Structures are given as structure tokens and as C-alpha cells.
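> pasting the structure only:
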């Protein structure tokens, strides 16, 4: 009788899930690169990825979403509450770094297996190269990816507002000032995230994206540190 599932089994199951998702994305990107985005169907992508169309839709709502790729989503509520309750003793950019790392580590981003097996790293690199080229050649896909990024940006800004209001009741009393401060913090955090993505891609995706994000935020913090 089976009494439970081991951590090793869960890890294998998760890696299989990620591998299937990545295979679907790679098939979509390769076919779209060869034929053009408009000339590729979900059935063709599914066949190339060796999955059924039903399995495809378990992972992606459309061929566009498979090509555009995943973007961060807010982490679990526990991580969000930890960020908000940390208080002014924690520099807010330190908290933002931890929050974004949690978002990356709970998502299915291009770098989620970075630093793993050689074939996983090679697959992540290939996805990134193909996606960058397709988005460059298809402005409508690039616009959709940016729209999705703006949704995440807005959601993150709301969380930042909650943190700022918790830290500074006087600022919380001025709704406009609170909103503008939260936007500023969010934009700075996004600059750090974009730097991490860029460095990760430039180095071939050979390290975990979360590690690259921590490094970028450390550099960001260093910019404001006094020189000795």
C-alpha cells in the first residue's frame, strides 16, 4: 500500500512538468520561426512537442502564450505578508529582492532550471534566443508580452504601497504621495530585475535566474552606499 509521496518523487514530478512545458514552448518557437507565427496551429505545436492538444491547453491558453513565455507572478501570501510586516528596519530594496526571488522560484520562467543539467541549460538558452528573435520580428507579440509585464508591475506596486503605508503612517495619509512613492520603488526594482535577466541571458543562462537577481540587487544597493 502506498502511504505517501517522497520528496524525491515530488521533485521528479515537478521536473517532468517543467520539461513538458518547456518542450511545448520550444516546439511553438521553432515552428513559428520556420513558418511564421500566423501559419502555426496548436495541433502542429502539440504534435511537434509529442503531446496532445488537451495537454497543450493544460499548460497554455493559446499559442501566443506559449511563444511569449512566462512572466513573474506575485508569490504566495506568506511571502507578501513577510515583506509588508518586515518594517523599516529592513531596507525596502532588500525586501523587494526577496519578494522577486520568491516570484521567480515559484514560477515557470525561462531560467527556472538554470544551473541544472547540461541539457536543461541548453534548452533554456535555446528558448531565450528563439523568443528574443520572434518578439523582435513580431511587434504584436512583443506588445502582448509588455502588457503582461505591466500587469505584474501594477500588482507589485500595490504590494509596495501596503509596505510603505505600514512603515510610514504619515505617508499613508497622503494617497497621491503614497502612490507615487510606490511607483518609484517598483520602477527601481524592475530596473534591477531587467538587469538580472539581461546578465543571465548574456551568460547563456548557466546560473539560476534567482541567483542572478540577488547579485543585481546587491549591485543596486551598492550604488547608494557611501564610498569609503
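Structure received. Predicted, not measured: the structure shown is a model, and the values here were computed from it. Residues are numbered from 1 along each chain as shown.

> okay, CA-based contacts and neighbour counts for the rest of this
Noted.

> Where does the prediction get shaky in this structure?
Low-confidence segments of the chain (pLDDT under 70): 1-10, 106-124, 204-205, 225-228.

> for it, what spans make up the helices?
With DSSP state H as the criterion, the chain has helices at 7-35, 42-49, 53-59, 63-68, 77-85, 92-105, 118-137, 139-167, 169-172, 175-202, 209-223.

> got JSON lines for those, with mean neighbour count too?
Formatted as JSON lines, the helices of the chain follow (neighbours: other CA atoms under 10 Å):
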{"stretch": "helix 7-35", "mean neighbour count": "17"}
{"stretch": "helix 42-49", "mean neighbour count": "18"}
{"stretch": "helix 53-59", "mean neighbour count": "15"}
{"stretch": "helix 63-68", "mean neighbour count": "21"}
{"stretch": "helix 77-85", "mean neighbour count": "15"}
{"stretch": "helix 92-105", "mean neighbour count": "20"}
{"stretch": "helix 118-137", "mean neighbour count": "17"}
{"stretch": "helix 139-167", "mean neighbour count": "17"}
{"stretch": "helix 169-172", "mean neighbour count": "14"}
{"stretch": "helix 175-202", "mean neighbour count": "17"}
{"stretch": "helix 209-223", "mean neighbour count": "18"}
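
> Tell me the spacing between residue 58 and residue 26.
Noted for residue 58: a distance of 16 Å to residue 26, by CA to CA, to the nearest Å.

> swap that for residue 59, please
With CA to CA as the criterion, residue 59 and residue 26 are 13 Å apart.

> cool, residue 155 as well?
Taking CA to CA, one finds residue 155 at 29 Å from residue 26.

> Any chance you could spot the residue sitting in the middle of this protein?
With distances taken as CA atoms, centre = their mean, residue 72 lies nearest the centre of the chain, 3.2 Å away.
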